[in-house]
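A.B. asks: here is a sequence with its predicted model. Questions after.
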Amino acid sequence: MAKPKKKREIVHLVCSETGERNYTIRKKSGTPKLQIKKYCPRVRKHTVHTEKKK
């Protein structure tokens, strides 16, 4: 028998400086929280974005 697939959840990446939700990603459930440097269009520079659920 085949193993059941793990569900992927939709997660928003929130800018640490402005608090805006700029990016949406799908990631496997049960993994640690992400902190990625991404471009923020409001500040016009790269800032740290953290994961936040809906």
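C.D. replies: Yes, it's here. Numbering: from 1, shown residues only.
A.B. asks: what's the closest non-adjacent residue to V43?
C.D. replies: Nearest residue to V43, sequence neighbours excluded (CB to CB, 6 or more residues apart in numbering): E17, at 5.8 Å. For every residue, glycine as well, the C-beta is placed using N, CA and C.
A.B. asks: the most centrally placed residue in the chain pairs with what?
C.D. replies: When CA atoms, centre = their mean is applied to the chain, the residue found nearest the centroid is L13 (3.5 Å). Per DSSP bridges, the residues bridged to L13 are Y23, E51.
A.B. asks: which residues touch it?
C.D. replies: Listed by CB atoms under 8 Å, 6 or more residues apart in numbering, the contact set of L13 reads R21, N22, Y23, T24, I25, L34, I36, K38, H49, T50, E51, K52.
A.B. asks: give me the contact list for the helix or strand where I25 lies.
C.D. replies: Assigning secondary structure by DSSP states H and E places I25 in strand 21-28. Here strand 21-28 makes contact (CB under 8 Å, 6+ apart) with 6, 8-15, 34, 38-41, 49, 51-52.
A.B. asks: distance check, I36 against E51.
C.D. replies: Look at I36 and E51: by CB to CB, to the nearest Å, they are 9 Å apart.
A.B. asks: more neighbours, those two?
C.D. replies: Set side by side, I36 and E51 show unequal neighbour counts under other CB atoms under 10 Å, the larger going to E51 at 17 against 13.
A.B. asks: surely the more buried one is in contact with E9?
C.D. replies: No - proximity of E51 to E9 does not meet the contact threshold set by CB atoms under 8 Å, at 10.2 Å.
A.B. asks: ok so, going back, ok and the helix or strand that the strand holding I25 is followed by relative to strand 21-28, angle-wise?
C.D. replies: Toward the C-terminal end, the helix or strand that comes next after strand 21-28 (DSSP H and E) is strand 35-40. Angle of strand 35-40 versus strand 21-28, following axes from the mean of the first three to the mean of the last three CA atoms, to 10 degrees, is 140 degrees.
A.B. asks: no more questions from me, cheers.
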